[in-house]
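# Predicted model and sequence follow; I will ask about them next.
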2 protein chains.
Amino acid sequence: MTQPPFRFQLAARSGGARAGRFETPHGAFDTPAFMPVGTHGAVKALTPEQVRATGAQIVLSNTYHLHLRPGEGLVQKMGGLHAFMRWDGPILTDSGGFQVFSLPRVEIDDRGARFTNEVSGEVVDLTPERSMEIQNALGADIIMAFDECTPYPATEAMARDGVRRTLLWIDRCLKAHDRPGEQALFPIVQGGVHLELRRSCAEALVALDAPGYAIGGVSVGEGHELMCQVTEHTAPLLPEDRPRYLMGVGTPEDLLAAIGFGIDMFDCVIPTRYARSATVFTSRGRLRLTNRRYRRDAYPIDRSCDCAACAGGFSRAYLHHLFAANEVLSAVLCSIHNVHFYQALVRDARRAVVDGRYDDFRREFLALYGRDGTGTGTRAGAGTGAAARKRKP
Amino acid sequence: MTQPPFRFQLAARSGGARAGRFETPHGAFDTPAFMPVGTHGAVKALTPEQVRATGAQIVLSNTYHLHLRPGEGLVQKMGGLHAFMRWDGPILTDSGGFQVFSLPRVEIDDRGARFTNEVSGEVVDLTPERSMEIQNALGADIIMAFDECTPYPATEAMARDGVRRTLLWIDRCLKAHDRPGEQALFPIVQGGVHLELRRSCAEALVALDAPGYAIGGVSVGEGHELMCQVTEHTAPLLPEDRPRYLMGVGTPEDLLAAIGFGIDMFDCVIPTRYARSATVFTSRGRLRLTNRRYRRDAYPIDRSCDCAACAGGFSRAYLHHLFAANEVLSAVLCSIHNVHFYQALVRDARRAVVDGRYDDFRREFLALYGRDGTGTGTRAGAGTGAAARKRKP
């Protein structure tokens, strides 16, 4: 059983999909949950109030970036990450491993990783113990195990060694974690696309009786199909009564597939990153607002959306203009919209689970979302054929 | 007398300073008023809601920039500038002349100005008639005469010719202005630093019985002293019962001096531009948040400020970090603060006028504002001497 302050309660199931609620010292969040990414302790371009208004209940921040700048010591001195970034709800920090392992010059062995701090020029050791120390200082409600993320593609031997290290390091993480009563440590299942490795890794981690579990090593280039295969296989290996977090995923289609496999938590830079490059999500697919067709389009991004940008009456034409004029407000308004879109997606998914009709919901959503990329019936968007259906930003 | 929908009512006087209220078709604004600048139809980095929350009641936008992109035809098609930028309060547009006359390759004669559109590459004629046509299409509540802004320094002959053209062009502006019942056209007094020219220009313009008047050709490099001299001389030449707008001014010290000379309206890019380069205003002077001294400073920008950034508890250390990490939120929060600072300044000035103690208010403000540049008694800021008093950003 989960115990306060980290209590996970399942409210409903629909097929493999779950609706739940996870309690943390900074409040609870509903699942499925999407966590906007606040890499440097700020969701890009948004105030915490704007983030909250999208419906987000928990945000993610990056240990690697905060360690380099401003440093966890400073954040701790300022009262911890919640006080520093003025987000009083739940926060999750990653371990820093994912970023470090993708650095061009990094030495990795069983002890940990050694790299050069790009800000200060110093050589830094990031080990399971150090990652815990940093995350304990930052003070997020959920902290992540320091693991070895197997890249894609990778040989089975590489993936096997990643699992070996991940299991070696989770013991050291658990031993080093100083604030288990305030911060829930989630182990991470690795194993690449090798399902037997995923199974053995999951089984070893489940034995640790952690307050929640993550599936890592996805969203690293393997594509939607392999991600689905790994998730469908791995999610059921994790305890029913603990939240399951699929790291770094993904597109709306990815989320809906993963929710169907029993995933409860997600994070991804897509909504905020796409927003800054003018790609916005609508119930009928993605739009790229810098496209000339939106120059005279008086409709909001999505007429069925009640985010501050759409309900506020900002037209596609205005946003097109702001992007052309290089005005930061374009990123602000589109980030509000995209994060709101993701929050509405998981909220609607949750409602469908509660109503026992998740598969129908998913099918209906995808039928509309995939139909065209032109938004809700604008003149500018009508009858434009193939170009409108192009889905990559 | 002024007539609806453009009614100016003086509520109080204190020495030369005035407290009033100007009614427009999109609501009234109190004077002295500071107009944040929304060059491309957006106050940089801020949503209209955030602008409104600073206390701003009227914003300015630039005819030149909106003409080039997205074009006044598009703005008009979208319902006019208020609808386009989602600002339902009063708006003022300039004539475009100021920007055009500062272009590197521009031909100017009595007909108007001819230049190359930097966006489309087309040759554009900007004349009094064209400026009115554009501003009529944009639909601001207050529109500005197309004038010739005398640069600084300039010979008296140049300034005299500027006045001649300004008077020649105001007649053409008045004739071309198509919506006098909906848009108040303000003539602009020119004459450089030549007080007799200022007098003759003002007298000629006052005879036109316009709903409001501007003093232009200031804030062009002449400095605080000459700006004061020109303003002190020119403001009393304008009708008591019409608002007086000092264009492009200025620093808090400039505003307080000009209010003392009877000025009612201001616009300036300083609060938003400085915010983006980390310079913020406090009751005790300016701070540059990228300075290392603020790295560990737990105080908000100004403890006596109730803007969303200060009252929201964002520390100087957090803002320092956001600037270092190149996060757009730094510009958002500092713009909110700086625009709020300017709004509080004119609001407090107005209150002092109503209380009949404007000179005392100004003296007290400047005594505190000039005392040090370190903000309100932080440890980091204490005892830093000359560097703290440095006032240029």
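Alright, I've got the coordinates. Residues are numbered from 1 along each chain as shown, chains lettered A, B, ... in the order given.

# secondary structure class for A:Ala56?
Look at A:Ala56: counting by DSSP: H, G, I helix; E, B strand; the rest coil, its state is coil.

# mind checking pLDDT for it?
According to the predicted model, the pLDDT of A:Ala56 comes to 98.

# quick one: it and A:Asn338 touch, right?
No. When contacts are counted by C-beta atoms under 8 Å, A:Ala56 is not listed as touching A:Asn338 (11.5 Å). Every C-beta, even on glycine, is put in place using the N, C-alpha and C of the backbone.

# hey, what's in contact with both of these two?
By the contact definition C-beta atoms under 8 Å, 6 or more residues apart in numbering or on different chains, A:Ala56 and A:Asn338 are jointly contacted by no residue.

# Return the residues in contact with A:Ala235.
The neighbours of A:Ala235, taking C-beta under 8 Å, 6+ apart as the test, are A:Gly16, A:Ile215, A:Arg244, A:Ala258, A:Phe261, A:Gly262, A:Ile263.

# Take those residues and keep only those in helices.
A:Ala258 (DSSP state H).

# and which of the contacts of A:Ala235 is nearest to A:Gly221?
Of all these, A:Gly221 sits closest to A:Ile215, with 15.8 Å by C-beta to C-beta.

# Was I right to think that closest one contacts A:Phe186?
No. With contact defined as C-beta under 8 Å, A:Ile215 does not count as touching A:Phe186 (10.3 Å).

# is the helix or strand hosting A:Ala309 up against chain B anywhere?
When elements are defined using DSSP states H and E, A:Ala309 is found to belong to helix A:308-311. Yes. Contact between helix A:308-311 and chain B is present through A:Ala308 (criterion: C-beta under 8 Å from any C-beta of the partner chain).

# Quick one: mean pLDDT for that helix?
For helix A:308-311, the mean per-residue pLDDT is 98.

# That helix: what's the following helix or strand?
Helices and strands here follow DSSP H and E; after helix A:308-311, the next one along the chain is helix A:316-324.

# Dump that next one to CSV, restricted to CA.
The C-alpha trace of helix A:316-324 is given here as CSV (Å, rounded to 0.1, in the frame of the first residue of the first chain):
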residue,chain,number,x,y,z
ARG,A,316,-4.7,33.4,-36.1
ALA,A,317,-4.0,36.5,-38.2
TYR,A,318,-2.8,38.3,-35.1
LEU,A,319,-0.6,35.4,-34.1
HIS,A,320,0.7,35.2,-37.6
HIS,A,321,1.6,38.8,-37.4
LEU,A,322,3.3,38.5,-34.0
PHE,A,323,5.5,35.7,-35.3
ALA,A,324,6.4,37.7,-38.4
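
# Pull the residues that contact stretch A:198-206.
By C-beta under 8 Å, 6+ apart, the list of residues contacting stretch A:198-206 from outside reads A:163, A:166-167, A:170, A:187-192, A:213, A:230, A:233-234, A:237-239.

# List the buried residues of that stretch.
Of the residues in stretch A:198-206, those with enough neighbours to count as buried (16 or more other C-beta atoms under 10 Å in any protein chain shown) are A:Arg198, A:Ser200, A:Cys201, A:Ala202, A:Leu205, A:Val206.

# Identify the farthest-apart pair in those.
Between all members of these, the farthest pair (by C-beta to C-beta) comes out as A:Arg198 and A:Val206, at 12.0 Å.

# okay, now A:Ile364: neighbour count?
No Ile there; residue A:364 is Glu. 13 (other C-beta atoms under 10 Å in any protein chain shown).

# ok, the spatially most central residue of chain A to chain B distance?
Taking C-alpha atoms, centre = their mean, the centroid of chain A lies closest to A:Asp267, which sits 0.3 Å from it. From A:Asp267 over to chain B the distance is 18 Å, taken as C-beta to the nearest C-beta, to the nearest Å.

# go on, A:His321?
Distance of A:His321 to chain B, given as C-beta to the nearest C-beta: 4 Å.

# Okay, that residue and B:Gly89: tell me how far apart.
20 Å (C-beta to C-beta, to the nearest Å).

# neighbour-wise, which of these two wins?
The neighbour count for A:His321 versus B:Gly89, taken as other C-beta under 10 Å, is higher for A:His321 (27 against 18).

# what's the pLDDT at the more buried one?
We note a pLDDT of 98 for A:His321 in this prediction.

# tell me the contacts of A:Val43?
With C-beta under 8 Å, 6+ apart as the criterion, the residues that contact A:Val43 are A:Pro36, A:Val37, A:Val51, A:Val59, A:Thr272, A:Ser335, A:Val339.

# again with A:Ala137
So, once contact is read as C-beta under 8 Å, 6+ apart, A:Ala137 ends up touching A:Glu72, A:Gly73, A:Val75, A:Gln76.

# 6 Å instead?
Residues in contact with A:Ala137, defined by C-beta atoms under 6 Å, 6 or more residues apart in numbering or on different chains, are A:Glu72, A:Gln76.

# Now it: which helix or strand?
Element membership for A:Ala137, per DSSP H and E: helix A:128-138.

# next helix or strand past whatever helix or strand A:Ala349 lives in?
Counting by DSSP H and E, the element that carries A:Ala349 is helix A:329-354. Later in the chain than helix A:329-354, the nearest helix or strand by DSSP H and E is helix A:358-371.

# element containing A:Val75?
Secondary structure assignment for A:Val75, by DSSP H and E: helix A:72-77.

# helices or strands up against that helix?
Applying 3 or more C-beta pairs under 6 Å, 6 or more residues apart in numbering or on different chains; DSSP states H and E, we find helix A:72-77 packed against helix A:128-138.

# Now do the helix it packs on: distance to the chain's middle.
Here helix A:128-138 shows a centroid-to-chain-centroid distance of 21 Å under the convention C-alpha atoms, centre = their mean, to the nearest Å.

# Point out the residues in chain A that sit beside chain B.
Taking C-beta under 6 Å from any C-beta of the partner chain as the criterion, chain A approaches chain B at residues A:40, A:42, A:45, A:69-70, A:78, A:84, A:86, A:298, A:312-314, A:317-318, A:321, A:324-325, A:327-329.

# If any of the residues you listed are buried, put those into a ChimeraX selection.
Here is the ChimeraX command that selects only those of the residues of chain A next to chain B that count as buried (16+ other C-beta under 10 Å):
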select /A:40,42,45,69,70,78,84,86,298,312,314,317,318,321,324,325,327,328,329
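
# which parts of the helix or strand harbouring A:Tyr274 are buried?
In this structure, A:Tyr274 sits in helix A:270-276 according to DSSP H and E. In terms of neighbour count (16+ other C-beta under 10 Å), helix A:270-276 has its buried residues at A:Ile270, A:Pro271, A:Thr272, A:Tyr274, A:Ala275, A:Arg276.
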